[in-house]
Each structure stands twice: as structure tokens, then as C-alpha cells.
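# Output the structure for:
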Amino acid sequence: MLYFSRAKTIGILLLCGLGILLSLPNLSARPGFWPGFLPWNQVHLGLDLRGGSYLLLQIDTSAIVKQDLNSLVDETRQTLVHAQLGYTGLHADPAKDAVVLHPLDGQTQQDLTALQKLISYAPGATSPSVAIAQQPDGSIAISIPQATQAARNAQAVQQAITIIQRRIDGSGVLNATIQRQGQNQIVVQLPGISDPERVKTLIGTTAHLTFQMVDANAAPGPIAPLGDEVLPMASNPSQSMDVYSTVAVDGASLENAQASTDPQSGEWVVNFTLNALGARQFADITTANVGKLFAIVLDGKIIEAPVIREPITGGSGQISGNFTAQSATDLALLLRAGALPAPLNIVEEQSVGPELGADAIRAGAMALGLGFVLVLAFMGTFYGLFGWFANVALVMNLVLMLAILSVMGATLTLPGMAGILLTLGMAVDANVLINERVREEVKNGRKPLAALEAGYKRAYGTIIDSNVTTLLAHVTLFIFGSPPVRGFAVTICAGIITTMFTATVLVRLITGRWYISRRPAALPV
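Below you'll find the model as predicted:
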């Protein structure tokens, strides 16, 4: 148990040296001599230590239902027109999560047959996308099943998380935590942000961009003609314009957007580029409507409505509208990141100042330092030289734990600091078991080498069992726990892994090298 070959000894020392190297990034800026093949990762401070903002967002599922029903209305209209079938009263009924229409006399069965084309199955889904049934009053209802809508909501939440991540990354906020909570809520933690209001605006803006033709023949008034909608101007909400409800080009076809200044006017603008499909649609609509107004609509507000001077076939364009450098940059970022599938509402908001974070760090560091000193004193007092062997391993245990957390890019929170403190106590438990077993073997009259061998061998099984069961418990905490609990679980799991190495390998190596060099007649236990 105490013999280590030269290769094993070198391997253990190299592993300890690597742990020291990987933990160095937490002490200073990156030096010029740092090896390029080694990662320069640091442990990040969480919201409760660094300060910042906490947002609990809820996605508006009713807006998703409305969007789906509106799309279903268009699909139903196109399907019946293609089948050359008449109908009346086609409309969406949000109360029933259905689209309702009245077939013409004698065409009910034909309508039902034609509408079967709307039924499809998503990959892996067991329920159809829509359910079609004739109602007692003779109308036809095309409803969205509850299972389909639930899957659609879950997809929307995941899509919203992806888009929020893109927006936050593009805004320069580092180490943000974005996680789903419950069915339709998203938790966003933004440590150390300097402009929380701007980030909140970036997160909460839907950023749905559309290009729609202006209806120049519509009579002015608050009520839009059939097939039109009245949209306010972004620069002056009291003014509005009638635009056709049909979207000519959707912002989903946007490929890139960048803020820049117009070389002629010097004003800030947003230049955009469309993909192949969007470029073709853009070319078709501008070719067919030269001389007419073309509205650029963002989240239901008209940014501008320029006149189409000539066909635009290059697949690119420019958005202007009295932008500042910041607003143009933010709009370009929103367009690049994509539109949210539905509006987000801020349910809860908390702000932690850097002063509170500094107090938490100071208190946590004091508790950690005091606990560390007490553990060192306990081991040195009760187990003498072998206790100090354990203390050396305990220091290396902290270094290796810090190295693992650094490589993971983990975020340290107050629960995480508590996990480190708890790991200090757990780490010496293994050495307490070994030293007590060695004491018993010495009392039973064994020789020093035999006592050491028996002490390590008999304590080894207990150490493995206790640490593995603890590891499984904290893996479960990580899987099912909330973000603070997960931070605690990650720290404990990393500590258990390093403890298994330092307690059963490193201390054994130190003890073996000491015994070989001294050959003591009695053990100092």
C-alpha cells in the first residue's frame, strides 16, 4: 500500500503541478510566458458576490396561441382557395383555441376533405398538429390540441432562451446565467452589469421585423379596412398609417445587420442583408410596387415608410430613423439575434449592489479562512506529524478544487463558498479514519510498517463508500436543484473528487516517502 513506483510518483507530482498551474489564472492577469496549450480560465463570481441583476421572465403563451391561430387562418384560406371551395365567416376564436368557418351549402364534406391536408405530425409527436371537426351549428372548427400547444410552448421557451443568450452575449455582458424555470418562465442572472436598464430592454424587446406595403387608398381613421391594419409610427405614436396585413417580407429572412453611419447624411443607420429567400421576395415586392410606400415595421410600430424608387434586387437595404449610435447598435444586435417567439414579461426583478457583494465576499472569506485554520490546528494537535501530512494534502485539495472549477468556468456563489468550507471538513474525514485505524493497529502491537499498511487498507473501503454515496447525493442535487443549490452541488462534487485523490493517494505517497527515509522504530501517532 505504501510503495509507489518512480513512474507513479512522477505522475502524482505532475498532476499536482498541473493543478497549481490551472489555478493560477485566479490570482492575476494572463502573463506572457503562459503555455498556449493550457486554458486560461477563471472562477467567476456569481450575482450574490459580484452584484448585478436578477430577472424572472415569463413568456406570454397567449401571444403564441394568437400567432398560431393567425397562421392557421392563412393556411385554411389558402387551402380552400386552392381547392376552389367557398366559405364564409373564417376567423380565429382564441377562447376555443380554434379557427372557425362556415362552408357553403352542400360543400361541408368537400371542405372537410380538403382541410385534411392541414393535419401533420411533428417529429416524435403522437398527436396531430390540428383537429378538424364539424360543429352542431354546421360550422367547421379547426382546433389546436392541448398536447400540441404544450409542445409549442416548450419549444418557444427554449427558442427564447437561445435568443436571449445571443442578445446578452452580443451586448458584452459576461458570465450571464440563463435557465428555464417551470413551464413558461426564464431566470436571467447578470453579474456585474453596468447598465441594467439597457440589458432589460434588449431582453424584453420582441424585435419582430416585417416589411409591409402601405395601403395608400385606405380612408384615414381608427378603423382599418378589411385586410388592413392601422399601425402607429415609432417616432410619433399619435400618427399612424394603414398597411396591408399580409407580410411582404418577414424578418426571419434576415441574415445580418450592422450599425453604421450614412456617408451622405452622417446619420446612424442599420444596414441589413437578407438570405436567398428573403432577397427574392424583396426583389419581387419592390419590382411590382415602384413608386409606392413600403413600411418597415418593428414590433407593431412603423420605423419608417420610404418610397420604392426602383427595384431592390441585391438582397440588402438600409433602415434609418433618427438613431443614436447606441440605439442603432442595439437594433442591429436585436435583428441579428432574431425575434423572440412571443413577448416576455418581467415577473420579478432584484438588484444586488457591488457593496453587498463585497460584504458577502469578505464574510465568506473570513469564514473560509477561520475554518481552514481550525481544521489545520485540529489535525496537527491530535495526530502530530501524520496530521501535518494531512494538512499538506488539504492545501493541495483546495488548489485542485480551484483548478477544476476554473477549467469548468464555474460561477462561485455564496452556497458555493459554503460548499468549499464543508469540503474542508469532509476532506480530513478520510485522514481521521486512516490515522485512527493506524492507532488501533499500533495499540494491538503491530510493527510500524504493518500498522501503516493495515491502517490504510482497512480504512480504504470505508472512505470509498462514504465518498461515493455523498457524490451520488450531490449529483442528484445538481440535477433537480435550483441554481443556488446547483452551485453548492458542483463545489461539493469537485471537492469529493479531489479529496479521493489527496486523501488516498497523496497522503499515502508522503507517508511512504517519510517511512522509507526515516525507518522509525515507533509511529508518531
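
# where does this structure have low pLDDT?
Residue ranges of the chain with pLDDT under 70: 1-2, 28-37, 123-125, 172, 174, 194-195, 353-357, 483, 525.

# just so I have it, where are all the helices in it?
6-23, 47-50, 61-82, 108-115, 146-171, 196-204, 276-288, 325-337, 354-408, 414-443, 448-480, 483-501, 507-518 (DSSP state H).

# Arg152 contacts Asp68, correct?
Yes: using C-beta atoms under 8 Å, Arg152 makes contact with Asp68 at a distance of 6.6 Å. The C-beta positions use only the backbone N, C-alpha and C, and glycine is treated the same way.

# what touches both of these two?
Here Arg152 and Asp68 have Ile144 as joint contacts, going by C-beta atoms under 8 Å, 6 or more residues apart in numbering.

# so which of the helices of the chain gets nearest Thr177?
helix 483-501 (6.4 Å; C-beta to C-beta).

# Please spell out which residues along the closest one are buried.
Neighbour counts over helix 483-501 (16 or more other C-beta atoms under 10 Å) mark 483-484, 486-496, 498-501 as buried.

# mind exporting it as CSV, just the C-alpha atoms?
Output of helix 483-501 as CSV, limited to C-alpha atoms (Å, rounded to 0.1, in the frame of the first residue of the first chain):
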residue,chain,number,x,y,z
PRO,A,483,-29.4,27.5,-9.5
PRO,A,484,-28.1,28.3,-6.0
VAL,A,485,-28.3,24.6,-5.0
ARG,A,486,-26.6,23.6,-8.2
GLY,A,487,-23.6,25.8,-7.4
PHE,A,488,-23.4,24.2,-4.0
ALA,A,489,-23.6,20.7,-5.5
VAL,A,490,-20.9,21.5,-8.2
THR,A,491,-18.5,22.6,-5.5
ILE,A,492,-19.1,19.6,-3.3
CYS,A,493,-18.7,17.2,-6.2
ALA,A,494,-15.4,18.8,-7.3
GLY,A,495,-14.3,18.6,-3.6
ILE,A,496,-15.1,14.9,-3.3
ILE,A,497,-13.1,14.1,-6.4
THR,A,498,-10.1,16.0,-5.2
THR,A,499,-10.5,14.5,-1.7
MET,A,500,-10.4,11.0,-3.0
PHE,A,501,-7.1,11.8,-4.7
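
# Point out the other helices and strands that it packs with.
Under the contact criterion of 3 or more C-beta pairs under 8 Å, 6 or more residues apart in numbering; DSSP states H and E, helix 483-501 touches helix 354-408, strand 411-412, helix 414-443, helix 448-480.

# Could I get the ones you listed in TSV, plus columns for distance to Ile308 and mean neighbour count?
Formatted as TSV, the helices and strands packed on helix 483-501 follow (distance: least, C-beta to C-beta, whole Å; neighbours: other C-beta atoms under 10 Å):
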stretch	distance to Ile308	mean neighbour count
helix 354-408	52	17
strand 411-412	51	24
helix 414-443	58	20
helix 448-480	56	16
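
# who wins for proximity to Gly182 among those?
So among those, helix 448-480 is nearest, using C-beta to C-beta, at 13.6 Å.

# ok now the closest one, how far from the chain's centre?
35 Å (C-alpha atoms, centre = their mean, to the nearest Å).

# again with stretch 232-241
Distance of stretch 232-241 from the chain centroid (C-alpha atoms, centre = their mean) equals 36 Å.

# and if you look at stretch 166-177?
Centre-to-centre, stretch 166-177 and its host chain are 10 Å apart (C-alpha atoms, centre = their mean).

# Would you indicate which residues of that stretch are buried?
Within stretch 166-177, the residues that qualify as buried are Arg167, Ile168, Gly170, Ser171, Val173, Asn175, Ala176, Thr177, counting by 16+ other C-beta under 10 Å.

# Can you tell me which of these is nearest Asp242?
Arg167 (32.0 Å).

# I'd like the distance between that closest one and Thr329.
From Arg167 over to Thr329 the distance is 12 Å, taken as C-beta to C-beta, to the nearest Å.

# Now for Pro196, how many residues are close by?
Counted with other C-beta atoms under 10 Å, the neighbours of Pro196 add up to 15.

# which residues sit in contact with it?
By C-beta under 8 Å, 6+ apart, the neighbours of Pro196 are Gly52, Ser53, Leu190, Ser351.

# let's see it at 7 Å
With contact set as C-beta atoms under 7 Å, 6 or more residues apart in numbering, Pro196 has these partners: Ser53, Leu190, Ser351.

# surely the second one meets Gly51?
No: checked against C-beta atoms under 7 Å, the pair Leu190 and Gly51 is beyond contact range at 9.9 Å.

# and the two? which has more neighbours close in?
More crowded of Leu190 and Gly51, by other C-beta under 10 Å: Leu190, with 25 against 21.

# Between the helices and strands packed on helix 483-501, which one is closest to Ser143.
Distance to Ser143, taken as C-beta to C-beta, is lowest for helix 448-480 among these, at 35.1 Å.

# which other helices and strands contact that closest one?
Using 3 or more C-beta pairs under 7 Å, 6 or more residues apart in numbering; DSSP states H and E as the contact test, the elements touching helix 448-480 are helix 414-443, helix 483-501, helix 507-518.

# one more time with 6 Å, if that's ok
Counting contacts by 3 or more C-beta pairs under 6 Å, 6 or more residues apart in numbering; DSSP states H and E, helix 448-480 is packed against helix 414-443, helix 483-501.

# if I look at Ala257, how far off is Phe323?
For Ala257, the distance to Phe323 - C-beta to C-beta - is 12 Å.

# Equivalent analysis for Met396, please.
Distance, Met396 to Phe323, by C-beta to C-beta: 56 Å.

# repeat for Ala489
According to C-beta to C-beta, Ala489 and Phe323 sit 46 Å apart.

# try Phe211
18 Å.

# repeat for Gln185
Relative to Phe323, and taking C-beta to C-beta, Gln185 is found at 33 Å.

# higher neighbour count, the two?
Set Gln185 next to Phe323 and count neighbours by other C-beta under 10 Å: Phe323 wins out with 20 against 17.

# What residues are bridge-paired with that one?
Beta-bridge partners of Phe323, counted by DSSP bridges, are Trp268.

# and the gap between it and Phe282?
Taken as C-beta to C-beta, the span from Phe323 to Phe282 is 21 Å.

# before we move on, what about Ser327?
24 Å.

# neighbour count winner among those two?
Phe282 (23 against 15).

# Can you tell me the closest non-neighbouring residue to the more buried one?
Leaving aside its sequence neighbours, Phe282 sits nearest to Val249 (C-beta to C-beta, 6 or more residues apart in numbering; 5.2 Å).

# who's in contact with the residue nearest the centre of the chain?
In the chain, the centroid-proximal residue (C-alpha atoms, centre = their mean) is Ile178; its distance is 3.5 Å. Contact analysis of Ile178 by C-beta atoms under 6 Å, 6 or more residues apart in numbering lists Ile161, Ile164, Gln165, Val188.
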